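1. Here is a sequence with its predicted model. Questions after.
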Amino acid sequence: MASAKKDWQETPGANTRSIHHGESFASETGTVMPPIFPSATFAHGNSKGFDYTRSGNPNFRILESVLSSVEECNYATVFGSGVSAITAVLSCLKSGDLVLCEENLYGCTVRAFEKVFKKFGIETKWVDFTNLENIQKILDFSPAMIWLESPTNPMLKVIDINEISVVANKRKIPVVVDNTFATPLLQRPLELGATISLSSTTKYINGHSDALGGAVFTDDHEWHERLTFAQKSLGLQPSPFDCWLITRGIKTMPLRISHQVKNALEIAGVINEHKSVAWVRYPFRTDHPDYEIATKQMKAGGAIITLKLKASQQNTYSFCKGLRYFTMAESLGGIESLICHPATMTHASVDHDIRLKLGIDDGLVRLSIGCEDVEDLIDDLQKALDKLK
Ligand SMILES: Cc1ncc(COP(=O)(O)O)c(C=O)c1O
């Protein structure tokens, strides 16, 4: 746990806050980078209050202090993965609770709801939150929680977080926003009225595809207590080494993201012109259906592009495999560009009819734009598009 509002000046900019962590827990050595504390246990009664790593470790605290500073919120709690962070939040519900969910969520979040938490009596209702009527009807469902992502994975729908929070806050219904695609640098769900902002730190926050992690951000003390309880009681904690890597990764997050965003905007414009591309979706393009909301609540459009190829499943798969600089792989947000074919990868576990209803058909691909030179990425994509039958 760390309180950014107490420990940090509000004046430093995002670069400074990403680079400077608080206490290193080894100040007598003058170390610039904090050490890794792999110890599973700590001597009873030590001055920093550590006892056993499942319920706290210096590397968790260092990472939590940087994360809460970057998000400018009261509390950040770290977990072993984005899915662990999701599990921690859902574990705070009780049997009979209804969660009103945006219908386009990351496949493993859908799976956690439908295949795990349903067994414990947690119900879900799936709605399209880009339809304003569904926002106005929120209170009719009396949900115990509202769950959304924005931009969504993989359709890049942009949901009006403030509009939903205003309605939900009338009855103190917690709004949870999975902010993995945007990061705290481009979008601040808590400032927009949400109760909880959540990120897979595996993605942009770490940025180097070499550690798994998750984090939950809130200004609410009670929620913070519930989350630290979930961290230790369910064994959802990260490893000290992964926290150390993520702390290191964050230092370059603003640099990485600004380069990735610039690359993405340019690439989206170029590939949109290709005859084999049916459409391109990128939140900060004027042809994006939610462009107005995106520019209202985000600082930039992120570095994910979704596009639909005029191609069969087989040919779309071959296109993905044939690229030189885009590795066909799950995940996103690293410095290296990746390509994903949701129908056969991230959303393969989603029921076929539901997948099609969500627009995730066989020609859909998702690009995670990295930090390479934009000319090389464009050249790579254009050559592979030219070959597409
Ligand atoms: C939007 C979103 N949320 C959560 C997760 C889960 O994160 P992790 O893989 O770190 O468990 C992912 C993973 O891709 C994601 O895309």
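-> Looks like it arrived, so ask away.
2. Residue 30: what's it in contact with?
-> By Cβ atoms under 8 Å, 6 or more residues apart in numbering, the contact set of residue 30 is empty. Just so you know, the C-beta spots here come from the backbone N, C-alpha and C atoms, and that holds for glycine as well.
3. Mind pulling up the pLDDT for it?
-> In this prediction, residue 30 carries a pLDDT score of 91.
4. Tell me how many other residues crowd the residue of the stretch 51-200 of the chain found nearest the ligand.
-> Going by Cβ to the nearest ligand atom, the ligand is nearest to residue 82 of the stretch 51-200 of the chain, at 2.2 Å. Using other Cβ atoms under 10 Å, residue 82 is surrounded by 23 other residues.
5. Next, work out how far apart residue 121 and residue 96 are.
-> Between residue 121 and residue 96 the distance is 6 Å, computed by Cβ to Cβ, to the nearest Å.
6. so how far is residue 77 from residue 196?
-> According to Cβ to Cβ, residue 196 stands 10 Å off from residue 77.
7. Between these two, which contacts overlap?
-> Listed contacts common to residue 196 and residue 77 are residue 216; contacts here mean Cβ under 8 Å, 6+ apart.
8. Between these two, tell me which one has more neighbours.
-> residue 77 (29 against 26).
9. you'd agree that one is in a strand?
-> Yes - counting by DSSP: H, G, I helix; E, B strand; the rest coil, residue 77 is part of a strand.
10. What parts of this protein come near the ligand?
-> 81-83, 106, 108, 149, 153, 178, 180, 200, 202, 212, 214, 331 (Cβ under 6 Å from any ligand atom).
11. now for the residues you listed, which pair is the farthest apart?
-> Farthest-apart pair in these is 149 and 212; separation 18.5 Å (Cβ to Cβ).
12. and the two? which has more neighbours close in?
-> Neighbour count, other Cβ under 10 Å: between residue 149 and residue 212, residue 149 has more, with 24 against 21.
13. Quick check: the gap between the more buried one and residue 194.
-> Remark: distance between residue 149 and residue 194 (Cβ to Cβ) = 12 Å.
14. quick one: common contacting residues for those two?
-> Here residue 149 and residue 194 have residue 177 as joint contacts, going by Cβ under 8 Å, 6+ apart.
15. burial count for whatever residue of the stretch 251-389 of the chain ends up closest to the ligand?
-> Nearest residue of the stretch 251-389 of the chain to the ligand: residue 331, at 5.9 Å (Cβ to the nearest ligand atom). For residue 331, the neighbour count with other Cβ under 10 Å is 16.
16. next one: residue 137
-> There are 13 residues near residue 137, going by other Cβ under 10 Å.
17. same thing with residue 40?
-> Residue 40 has 10 neighbouring residues, counting by other Cβ under 10 Å.
18. Domain parsing of the protein, as residue ranges.
-> Segmentation of the chain into domains, based on automatic domain parsing, reads 4-250, 253-387.
19. and the residue most central in space within the chain, what pLDDT?
-> Nearest residue to the geometric centre of the chain (Cα atoms, centre = their mean): residue 180, 1.1 Å. Here, the pLDDT recorded for residue 180 equals 98.
20. Now stretch 336-347: average pLDDT?
-> 91.
21. Could you check stretch 356-367 and say which residues are buried?
-> 358, 360, 362-367 (16 or more other Cβ atoms under 10 Å).
22. what's near enough to touch residue 367?
-> Contacts of residue 367 (Cβ under 8 Å, 6+ apart): 264, 267, 304-307, 326, 337-339, 381.
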